[in-house]
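A.B. asks: Here is the input, now give the coordinates:
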Amino acid sequence: MSGALAEHGDSVRRLVQTNPAPRVRRGAPAQFLVAQGESVGRAATRLGTAAHRVRAWRERYLERGQDGLVDARRAGRPPTLGPADLALLDEALTQGAQAYGWPVTGWSIRDLCE
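C.D. replies: Just a heads-up that it's a prediction; the model follows:
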């Protein structure tokens, strides 16, 4: 598999150096090490991660390129503010605290919650 990855060496090197996404910069060095002939286990040890993570990054990179190193979106916690609440918050942030009778020039999180 490292042979298939070796042909991507230059693009992986560029990802390591220039990509703004932290998760891409985390997975790309592992791909670079494997492309240079390093074993998956050794690459994982050098980067302080697990070998199964390096294998997953490798498979995803070979299948989808740079996009394969970006984690998929996760559902996360549902929002607690509805559309009306978000509109009020946007308005309050735009107009400022004094427009709502607060004796301060800027909002604090506590003020906004009240």
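A.B. asks: List the contacts of the most centrally placed residue in the chain.
C.D. replies: Nearest to the mean C-alpha position of the chain, counting by Cα atoms, centre = their mean, stands residue 23 at 4.8 Å. Neighbouring residues of residue 23 by Cβ atoms under 8 Å, 6 or more residues apart in numbering: 69-71. Where you see a C-beta, it was placed from the backbone N, CA and C, and this is true even at glycine.
A.B. asks: Is it within a helix or a strand, and which one?
C.D. replies: Assigned by DSSP states H and E, residue 23 falls within helix 22-35.
A.B. asks: List the buried residues in the helix or strand just after that helix.
C.D. replies: Using DSSP H and E, the helix or strand that directly follows helix 22-35 along the chain is helix 40-47. Neighbour counts over helix 40-47 (16 or more other Cβ atoms under 10 Å) mark 40, 43-44 as buried.
A.B. asks: and what of stretch 62-78?
C.D. replies: In stretch 62-78, counting by 16+ other Cβ under 10 Å, buried: 66, 68-69.
A.B. asks: pull the helix or strand with minimum mean pLDDT from the chain.
C.D. replies: Within the chain, judged by mean pLDDT, DSSP states H and E, the helix or strand with the poorest mean is helix 2-6; its value is a mean of 54.
A.B. asks: coming back round to it: could you export the contacts of residue 23 as CSV, including pLDDT?
C.D. replies: Shown next, in CSV, are these (pLDDT from 0 to 100):
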residue, pLDDT
69, 78
70, 77
71, 72
